[in-house]
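J.: I need the structure of the sequence given here:
(2 chains)
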Amino acid sequence: QKEVEQDPGPLSVPEGAIVSLNCTYSNSAFQYFMWYRQYSRKGPELLMYTYSSGNKEDGRFTAQVDKSSKYISLFIRDSQPSDSATYLCAMTAGGTSYGKLTFGQGTILTVHP
Amino acid sequence: DGGITQSPKYLFRKEGQNVTLSCEQNLNHDAMYWYRQDPGQGLRLIYYSQIVNDFQKGDIAEGYSVSREKKESFPLTVTSAQKNPTAFYLCASSSGQYARDFGAGTRLSVL
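T.: You can find the predicted model right below:
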């Protein structure tokens, strides 16, 4: 079993839809959680970073963390064709696990006009 | 503009050959990382370095080697011992505890 499982698989939505991306994890030591966006043939870019359980909002993006359920989510409101990309969740325990991010396998999102 | 430069963009390796991927950053970050990305598997950590002249193995270091002689540079060598090198290689850097800024990647293929 992988430490981080990401779902859904490839996702296609109409412009304006609300998108929900999710990751579950098994390692209770994970304390820091990130979401990256990766356009085709490019490097990932950091979208959101969260530490505590709860919600964090940035424009159309909301990151949600539930440490008790070992579950994180990214919501995209009013999705746009420019949001079409692969979204990767990542997490780390920090401390002596310095720099060791564990990534989910990614969700390919397509937003069609 | 500050950023991370990876070169080359595409690289082809012949069997038995060692190849080196370049990574340079001008962000003045102390930490640098190398990740490998395969389809459907996310990113996996190969090596990382927190300071000059020091580096640690990640989860999949076998068949790879690195050096960190300068703060700005963290080259990755894919040796002939790496039997399945075809992948997208990403270099990253940070001043904190996680890889924040990524380069544009090098796509390595086997001839």
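J.: just for chain A, where's the confidence low?
T.: Under the criterion pLDDT under 70, the flagged ranges of chain A are A:96-99.
J.: near chain B, which residues of it?
T.: A:4, A:6, A:32, A:34, A:41-46, A:49, A:88, A:90, A:92, A:94, A:98-101, A:103-106 (Cβ under 8 Å from any Cβ of the partner chain). C-beta here means a position set from N, CA and C on the backbone, and glycine is covered the same way.
J.: ends of stretch A:45-59, how far apart?
T.: 16 Å (Cα to Cα, to the nearest Å).
J.: low-confidence ranges in chain B?
T.: In chain B, residues with pLDDT under 70: B:1, B:97.
J.: Tell me the residues of it that contact chain A?
T.: Counting by Cβ under 8 Å from any Cβ, the residues of chain B near chain A are B:4, B:6, B:31, B:33, B:40-45, B:48, B:50, B:58-59, B:90, B:92, B:94, B:97-105, B:107.
J.: list the contacts for B:Y98?
T.: A:Y32, A:M34, A:Y49, A:A90, A:T92, A:G99, A:L101 (Cβ atoms under 8 Å, 6 or more residues apart in numbering or on different chains).
J.: swap in A:S68?
T.: Per Cβ under 8 Å, 6+ apart, neighbours of A:S68: A:S53.
J.: how far away is the residue nearest the centre of chain B from A:N55?
T.: The residue lying closest to the centre of chain B (Cα atoms, centre = their mean) is B:W34, at 3.3 Å. Per Cβ to Cβ, to the nearest Å, B:W34 is found 33 Å from A:N55.
J.: Contact partners for residue 86?
T.: The chain I'm using is chain A. By Cβ under 8 Å, 6+ apart, the neighbours of A:T86 are A:R37, A:Q38, A:Y39, A:S40, A:G106, A:T107, A:I108, A:L109.
J.: was after chain B, sorry
T.: B:T86 touches B:L108, B:S109, B:V110, counting by Cβ under 8 Å, 6+ apart.
J.: Now go through the residues you listed and say which are in strands.
T.: B:L108, B:S109, B:V110 (DSSP state E).
J.: Let me have these in JSON lines, extended by neighbour count.
T.: Conversion of the ones in strands among the contacts of B:T86 to JSON lines gives the following (neighbours: other Cβ atoms under 10 Å in any protein chain shown):
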{"residue": "B:L108", "neighbour count": "21"}
{"residue": "B:S109", "neighbour count": "11"}
{"residue": "B:V110", "neighbour count": "13"}
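J.: Next, the buried residues of stretch A:88-108.
T.: A:88-94, A:97-108 (16 or more other Cβ atoms under 10 Å in any protein chain shown).
J.: is it true that A:G104 touches B:G40?
T.: No - A:G104 is beyond contact range of B:G40, at 10.8 Å (criterion: Cβ atoms under 8 Å).
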